[in-house]
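Engineer: I would like the atomic coordinates for the input below:
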Amino acid sequence: MRPNLIPRYFLILALVAASFFSCNEKEVFTSEAIESYIPLQQGKYIVFRLDSLVFTNFGRTIETHRYQEMHEVDTLITDNLGRPSYRIFVYQRDSLGTTPWVPVSTYFITPLGNQFEKVENNLRFISMHLPLRDGYSWKGNKYLPTNPYGTLYNFSNDDNMGDWDYYYDGDPGSFSYNGMNYTDVYSVEQADENYNVPISDPNAYAARSRSIERFSKDIGLVQREYEMWEYQPNPGGPGGPYYTGFGITMWMIDHN
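Structural biologist: The predicted model follows:
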């Protein structure tokens, strides 16, 4: 090799080596701990204001029932799959908070390292999943049976619930709802489907499926919308048009 080519030779080697290592570098993403967004210490509670959408008079009257609802972490148990789970007690009182708390239900939360599962009314949901990252998606209803609400409501909203794509909509940020302000909030979008809503033609079929949960760091669930209903015009049928389904909107007003 001629002496005047040696510097150029080593320069080429250096460029090739730099290119090789650059092409083999992988972006490293470190997710925040999922436990920060669903704290499960015994005795922890969250108080919600809850508005419940109900259809009475055989589905022909729309009513909103209002409560306060408290979710309290009771104790660590073993679920029916042999896994450590936390039992959550649910209590209700009037919307102004003037009556005593009354126990109404129980559900379970199972932390699994990379995800949290919630079992409510014997239905299992994956509420949150790692990594905590804008746009990350998972099948949050994959454990649900076909037509999970079929014994309660005669609608088609739950036909494809197992295919719902949960995803984080944005990075943690501030969120306000009905005068309440929350910080470090992850929004978990689950469903937002409407057909002929708002109803402009009472002679046409309509349906709505809306589901979203929001979790605040070191607090837990702070806001939820879960609305699934169907409107049937029922032309020529007895009683005329009717609704079937349910809806809840809840937001955190107190916690410890």
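Engineer: show me where pLDDT drops low in the stretch 101-250 of the chain?
Structural biologist: For the stretch 101-250 of the chain, not a single residue meets the criterion pLDDT under 70.
Engineer: could you pull out the helices in the chain for me?
Structural biologist: Listed in chain order, the helices found in the chain under DSSP state H are 6-23.
Engineer: middle-most residue in it, spatially?
Structural biologist: residue 213 (3.6 Å; CA atoms, centre = their mean).
Engineer: show me what that one is bridged to.
Structural biologist: Beta-bridge pairing of residue 213 under DSSP bridges involves residue 188, residue 224.
Engineer: quick one: it from residue 203, how far?
Structural biologist: Taking CB to CB, to the nearest Å as the measure, residue 213 falls 35 Å from residue 203. For the C-beta atoms, the positions are set from N, CA and C on the backbone; glycine is no exception.
Engineer: how about the nearest residue to residue 45, chain neighbours excluded?
Structural biologist: The spatial neighbour of residue 45 that comes closest, neighbours along the chain excluded (CB to CB, 6 or more residues apart in numbering), is residue 72 at 4.1 Å.
Engineer: now for the one you found: which residues touch it?
Structural biologist: Applying CB atoms under 8 Å, 6 or more residues apart in numbering to residue 72 gives the contacts 43-45, 88-91.
Engineer: just the pLDDT for it.
Structural biologist: For residue 72, the model assigns a pLDDT of 98.
Engineer: any idea what it is bridged to?
Structural biologist: Listed beta-bridge partners, residue 72: residue 45, residue 89 (assigned using DSSP bridges).
Engineer: from residue 202, how far off is residue 98?
Structural biologist: 39 Å.
Engineer: what of residue 84?
Structural biologist: Look at residue 84 and residue 202: by CB to CB, they are 51 Å apart.
Engineer: gap between the two ends of stretch 168-181?
Structural biologist: Criterion CA to CA, to the nearest Å; first-to-last residue distance in stretch 168-181 is 19 Å.
Engineer: buried set for it?
Structural biologist: Neighbour counts over stretch 168-181 (16 or more other CB atoms under 10 Å) mark 168, 172, 175, 177 as buried.
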